[in-house]
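Participant: got a predicted model here, sequence first, then my questions.
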Amino acid sequence: MRTIRKVVAGLGVLAVAAPALAAEGGGASLIDPRFGTMFWTTVTFLILAVLLGRFAWKPLLGALAQREQSIASTIEQARKDRETAQALLAQHRELLEQARRERAEAVAAGQRDADRLKAEILEKAREQRDQILKQTDAQVAAAVLEARSDLRTAAVELAIGAAERLLARNLDDAAQRRLVEEYVADLEKRSASLRS
């Protein structure tokens, strides 16, 4: 800001001094080539060029160079950001695909585990069923043997009872027939009660 004021002040001095210098030359025209006019015009131009070069063009050129560098660095940063974004996008897509694969593998593993567990449960149920059937068959067989034994015992007791009755009575054929029929009826009743 200070340098701009100095430049403006210097130009103002030259502007004020130029007419005075021209008046010294005897009111000559600017078109007439005179050494004094040419000298002072050249000096003024050189001073103005130096002042502008030092205080105006250098800062302007520096600002332009700085702006150009800023734009170039912004473009470079944008390129780097775009490359980073593309790399992150590719990484994101890869992670997403990996997550999909892992999810599919987890679902498949879960299905395999569920199938294996189902097979194990079915196998255990079959084993328990077979074991229960064996126990039931054994119980039924034992009950049948016990019923047969009871039936034999009852038949023997009835036969003995009938024999005692026959021996105790000396009966005729009709009485013996009636006694045997009673014995058979009694035997049927006992066998029916054992079955139920």
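Facilitator: That came through, no problem. Numbering: from 1, shown residues only.
Participant: please make it C-alpha for all contacts and neighbour counts, starting now.
Facilitator: OK.
Participant: what is the burial count for R190?
Facilitator: Counted with other CA atoms under 10 Å, the neighbours of R190 add up to 15.
Participant: that one: what's it in contact with?
Facilitator: Residues near R190 by CA atoms under 8 Å, 6 or more residues apart in numbering: A154.
Participant: check which helix or strand the residue nearest the centre of the chain maps to.
Facilitator: Centre of the chain computed as the mean C-alpha position; nearest residue by CA atoms, centre = their mean is A99, 5.5 Å away. When elements are defined using DSSP states H and E, A99 is found to belong to helix 58-168.
Participant: name the helices or strands packed onto that helix?
Facilitator: Other helices and strands packing on helix 58-168, by 3 or more CA pairs under 8 Å, 6 or more residues apart in numbering; DSSP states H and E, are helix 173-195.
Participant: pull the CA atoms of the helix it packs on into PDB?
Facilitator: Provided in PDB are the C-alpha atoms of helix 173-195 (Å, rounded to 0.1, in the frame of the first residue of the first chain):
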ATOM      1  CA  ASP A 173     -71.100-141.300  33.000                       C
ATOM      2  CA  ALA A 174     -73.600-138.500  33.100                       C
ATOM      3  CA  ALA A 175     -72.100-137.000  36.200                       C
ATOM      4  CA  GLN A 176     -68.600-137.400  34.800                       C
ATOM      5  CA  ARG A 177     -69.700-135.600  31.600                       C
ATOM      6  CA  ARG A 178     -71.200-132.800  33.600                       C
ATOM      7  CA  LEU A 179     -68.000-132.500  35.700                       C
ATOM      8  CA  VAL A 180     -65.800-132.300  32.600                       C
ATOM      9  CA  GLU A 181     -68.100-129.600  31.100                       C
ATOM     10  CA  GLU A 182     -67.800-127.600  34.300                       C
ATOM     11  CA  TYR A 183     -64.100-128.000  34.200                       C
ATOM     12  CA  VAL A 184     -63.800-126.800  30.600                       C
ATOM     13  CA  ALA A 185     -66.100-123.800  31.300                       C
ATOM     14  CA  ASP A 186     -64.000-122.900  34.300                       C
ATOM     15  CA  LEU A 187     -60.800-123.300  32.200                       C
ATOM     16  CA  GLU A 188     -62.300-120.900  29.600                       C
ATOM     17  CA  LYS A 189     -63.200-118.300  32.200                       C
ATOM     18  CA  ARG A 190     -59.600-118.400  33.600                       C
ATOM     19  CA  SER A 191     -58.000-118.200  30.200                       C
ATOM     20  CA  ALA A 192     -60.200-115.200  29.300                       C
ATOM     21  CA  SER A 193     -59.300-113.400  32.500                       C
ATOM     22  CA  LEU A 194     -55.600-114.000  31.900                       C
ATOM     23  CA  ARG A 195     -55.800-112.600  28.400                       C
END
